[in-house]
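Q: What would the 3D arrangement of this be:
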Amino acid sequence: MDFTRRNILALGSGAFAVATFAGLPAYASKTDDAIAAFTGGAGVTDGGVVMTAPEIAENGNTVPVAVSAPGAVSIMVLATGNPTPAVATFNFGPLAGARSGSTRIRLAKTQDVIAIAKMENGTFRRAGATVKVTIGGCGG
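A: Now for the predicted structure:
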């Protein structure tokens, strides 16, 4: 079979695309691993955590997020589409007046932001929101 210049370019482009996408990390599994490490494999139920995040972020470089969970010992915030999903962890001592925290995070693209709270009784609660990013902040 004779290869034309056009055939070689098409094969080369296809090989490059396969090599590029095969090397992408699986962010969903990183998020699941981070949650499993935080919870120790325990089950997580919805509710009991209030998370405030904008529905649309005009700039992914600085997205305000606030979390609150009465009776929480620790709250972890994750951005599921970022290369490093765990973006913040708030720990509270027994004398903490309010079990809440706020920060600004960087989001690579439109994605879910999740808050997991470890409660005083050892259970885990969760809340989540989807934040639509119009300008990429984390390499996007």
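Q: Show me the helices in the protein, by range?
A: 5-22, 27-39 (DSSP state H).
Q: Contacts for the shortest one, please.
A: Right, the one you point to is helix 27-39. 44, 74, 76, 78, 80-86, 89, 114, 116, 118, 124 (CB atoms under 8 Å, 6 or more residues apart in numbering). Any C-beta I mention is one placed from the backbone N, CA and C, and that applies to glycine too.
Q: just the residues you listed now: which is nearest residue 2?
A: residue 83 (43.9 Å; CB to CB).
Q: Wait, the closest one touches residue 109, no?
A: No. The pair residue 83 and residue 109 does not pass the contact test of CB atoms under 8 Å, sitting 11.1 Å apart.
Q: Could you tell me the least trusted of the helices of the chain?
A: Note on the helices of the chain: helix 5-22 shows the lowest mean pLDDT, a mean of 60.
Q: Let me know the closest of the contacts of helix 27-39 to residue 62.
A: Nearest member of these to residue 62, counting by CB to CB, is residue 82, at 14.0 Å.
Q: how about the strands in the chain?
A: 44-46, 50-52, 56-57, 63-68, 72-79, 86-91, 100-105, 111-119, 124-133 (DSSP state E).
Q: partners of the first one in the sheet?
A: Strands flanking strand 44-46 in the sheet, each with its direction: strand 124-133 (parallel) (DSSP bridges).
Q: centre of the chain versus the strand it pairs with, how much separation?
A: 9 Å (CA atoms, centre = their mean, to the nearest Å).
Q: Need the mean per-residue confidence for that strand.
A: 94.
Q: Dump that strand to CSV, keeping only the CA atoms.
A: This file holds the C-alpha atoms of strand 124-133, laid out as CSV (Å, rounded to 0.1, in the frame of the first residue of the first chain):
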residue,chain,number,x,y,z
PHE,A,124,-20.1,11.8,57.6
ARG,A,125,-22.3,14.3,55.8
ARG,A,126,-22.0,15.9,52.4
ALA,A,127,-23.2,18.8,50.3
GLY,A,128,-22.4,19.8,46.8
ALA,A,129,-22.9,22.4,44.1
THR,A,130,-22.1,22.8,40.4
VAL,A,131,-20.1,25.9,39.6
LYS,A,132,-20.1,27.0,36.0
VAL,A,133,-16.8,28.7,35.1
